[in-house]
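1. compute the structure for the input listed below.
(one chain, ligands or ions: 1)
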Amino acid sequence: MFNRLYVHIPFCIKKCGYCAFVSGVPVENELEEYHELLISELDNHQLISEPLDSIYFGGGTPSLLKARQLSVLLNKIRYRMPFSENIEITLEANPCTINGVYLSAVRDAGINRISLGIQSFDDLFLTALGRIHTSEQSKRAFRDIRAAGFNNVSIDLMHSLPGETLEQWRSELLYATDLYPEHISVYGLTIEGNTPFALKYPNGSSQLIDEDLSADMFELADEILTGAGFEHYEIANYARPGYRSDHNSGYWKRDGYLGLGVAAHSFLRDGYGLRFSNPYTLEEYRSMTRSGKPTRLDEYSLTRQDAMSEYLYLGLRLSDGVKGSGFESEFGSSIDSIYETTVPDLGKLGLLSRDADTVRLTLKGMLLSNQVFSRFL
Ligand code: SF4
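-> Reported below is the predicted structural model:
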């Protein structure tokens, strides 16, 4: 039914100006209480999992949890669900919330991958984004992570920042390759509703940066990072060989996952798939958890058509593309019989390429992926 677990930690020291994630600044004892609620939620579930291939602590800022709290949670999870031998356990961290002692302790607790939210190496951009850390703190955090023995580290970088030039973005990429993490996620800044940035830039992302320049930044990331030995294995993700994010790859391959915590989503491999969500506010989550029963909001059983669309628009995110034989064995029909004209049309536009059995996005298709995916809905 599921082989992956996501744990959402909805707390941050300060809210960043562009952030639309479910997170807020914790009030007194809220983190301790939340930790207990997660354990109760785990107890409330009667689901039986396959051996877990990955666990991901995301947020928010999961590195606000104490190492002892992570250890208790992981022990509790292991008690309820078997771990596969090579399980990947990721902790997202904000550079100014970690130090050597903390990192050694979380490694002892079982965390074996860190995802560090660097975003930029330029303090002026960090301030403009409302981030609480400096570039120097990011570099120190990265050194501390290595010194604590982590050999699987991801960093997040953002481009298309207000007023950013292509040369500034080139410097950011070169800093990143100098650090030489195992994995780099690269996102363009977008303006989301209900954020301070949405008020500041009412005309949306186009007000931040020219669309063509943003496309150039996407292409420059591909050029520099692949040139430095990273594989561009997903639209926004690059990895050194053997270091793709196993957890996120599971999402794109439609593996089942259970989400714990406020606003966490779940996907169970039941029929064509079952999706549901936890409550979106801490108050509702608290009351759900204390009731002793898991609440499934927005529960939805996918139809065959939904599942076929998902299979394509999630699978195409990966540079491996989608195999026609895999699609056929899953759904009993060929891609061509279902999407008769779509694949050839997108091929003519230079957005999809095709070899014997595989359909994949071109670099242009990755850049215009939303346009491609809308054709499979
Ligand atoms: S640290 Fe991340 S989750 Fe927290 S407010 Fe900033 S962008 Fe949002």
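2. can you give me the strands in the stretch 1-150 of the chain?
-> Using DSSP state E, counting those that start in this stretch, the strands found in the stretch 1-150 of the chain span residues 4-9, 52-59, 83-93, 113-119.
3. the first one pairs with which strands, parallel or anti?
-> Looking back up the chat, that one is strand 4-9. According to DSSP bridges, strand 4-9 forms sheet pairs with strand 52-59 (parallel), strand 257-260 (parallel).
4. ok, back up a step: can you lay out the strands of the stretch 1-150 of the chain as CSV showing mean pLDDT, mean neighbour count and distance to Asp320?
-> C-beta coordinates here come from the backbone N, C-alpha and C atoms, glycine included. Converted to CSV, those look like this (pLDDT from 0 to 100; neighbours: other C-beta atoms under 10 Å; distance: least, C-beta to C-beta, whole Å):
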stretch, mean pLDDT, mean neighbour count, distance to Asp320
strand 4-9, 98, 25, 19
strand 52-59, 98, 24, 17
strand 83-93, 98, 19, 18
strand 113-119, 98, 25, 21
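5. of all those, which one comes closest to Ser40?
-> Taking C-beta to C-beta, strand 4-9 is the member of the strands of the stretch 1-150 of the chain nearest to Ser40, at 13.4 Å.
6. what residues does that closest one touch?
-> By C-beta atoms under 8 Å, 6 or more residues apart in numbering, the surrounding residues in contact with strand 4-9 are 22, 34, 38, 49, 52-62, 64-65, 73, 77, 81, 247, 250-251, 255-265, 278.
7. got the buried residues for the helix or strand of the chain with the lowest mean pLDDT?
-> Within the chain, judged by mean pLDDT, DSSP states H and E, the helix or strand with the poorest mean is helix 196-200; its value is a mean of 90. Buried positions in helix 196-200, judged by neighbour count with 16 or more other C-beta atoms under 10 Å: Phe197.
8. which is the next helix or strand following that helix?
-> Downstream of helix 196-200, the first helix or strand assigned by DSSP states H and E is helix 211-227.
9. helices or strands up against that following helix?
-> Helices and strands touching helix 211-227, by 3 or more C-beta pairs under 8 Å, 6 or more residues apart in numbering; DSSP states H and E, are strand 153-159, helix 166-179, strand 183-188, strand 231-234, strand 237-239, helix 363-367.
10. can I get the third one as PDB, trimmed to CA atoms?
-> These are the backbone C-alpha positions of strand 183-188, laid out as PDB (Å, rounded to 0.1, in the frame of the first residue of the first chain):
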ATOM      1  CA  HIS A 183      22.400  16.700  -5.000                       C
ATOM      2  CA  ILE A 184      21.200  20.200  -6.000                       C
ATOM      3  CA  SER A 185      17.500  21.300  -6.400                       C
ATOM      4  CA  VAL A 186      17.100  24.400  -8.500                       C
ATOM      5  CA  TYR A 187      13.800  26.400  -8.500                       C
ATOM      6  CA  GLY A 188      12.800  29.700 -10.000                       C
END
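11. parallel or antiparallel, list what pairs with it.
-> Applying DSSP bridges, one finds strand 183-188 paired with strand 153-159 (parallel), strand 237-239 (antiparallel).
12. the first one to strand 113-119, inter-axis angle?
-> Right, strand 153-159. 20 degrees (axes from the mean of the first three to the mean of the last three C-alpha atoms, to 10 degrees).
13. how about the residues of the stretch 51-200 of the chain near the ligand?
-> Taking C-beta under 6 Å from any ligand atom, the part of the stretch 51-200 of the chain that reaches the ligand is made up of Gly59, Gly60, Thr61, Asn94, Gly117.
14. all the helices of the stretch 1-150 of the chain, residue numbers only.
-> 30-44, 67-80, 100-109, 123-129, 135-147 (DSSP state H, counting those that start in this stretch).
15. what residues are up against Ile98?
-> Taking C-beta under 8 Å, 6+ apart, one finds Ser63, Ala141, Asp144, Ile145 in contact with Ile98.
16. check what pLDDT the third one gets.
-> Read it as Asp144. At Asp144, the pLDDT value in this model is 98.
17. tell me how far it lies from Ile98.
-> 7 Å (C-beta to C-beta, to the nearest Å).
18. what does the first one give?
-> For Ser63, the distance to Ile98 equals 5 Å [C-beta to C-beta].
19. mind listing what's buried along stretch 337-351?
-> Ile338, Tyr339, Thr342, Val343, Leu346, Leu351.
20. what does it contact?
-> Residues from elsewhere that reach stretch 337-351 (C-beta under 8 Å, 6+ apart): 308, 312, 331, 335-336, 352-354, 359, 361-362, 364-365, 368, 371-372, 375-376.
21. what strand or helix carries the residue lying farthest from the centre of the chain?
-> Relative to the mean C-alpha coordinate of the chain, counting by C-alpha atoms, centre = their mean, the farthest residue is Ser337 (32.6 Å). Under the criterion of DSSP H and E, Ser337 resides in helix 335-338.
22. return the closest of the contacts of Ile98 with respect to the ligand.
-> Ser63 (10.0 Å; C-beta to the nearest ligand atom).
23. and for that closest one, the neighbour number?
-> Counted by other C-beta atoms under 10 Å, the residues lying close to Ser63 total 28.
24. leaving out sequence neighbours, find the closest residue to it.
-> Spatially, and ignoring its direct neighbours in sequence, Ser63 is nearest to Ala93 (3.8 Å; C-beta to C-beta, 6 or more residues apart in numbering).
25. deepest in the core, which of the helices and strands packed on helix 211-227 is it.
-> Of all those, strand 237-239 has the most neighbours on average by mean count of other C-beta atoms under 10 Å, namely a mean of 25.
26. mind listing what whichever residue of the stretch 101-250 of the chain sits closest to the ligand touches?
-> Closest contact between the stretch 101-250 of the chain and the ligand, by C-beta to the nearest ligand atom, is at Gly117 (5.9 Å). Counting by C-beta under 8 Å, 6+ apart, Gly117 makes contact with Glu92, Ala93, Asn94, Pro95, Ile155, Asp156.
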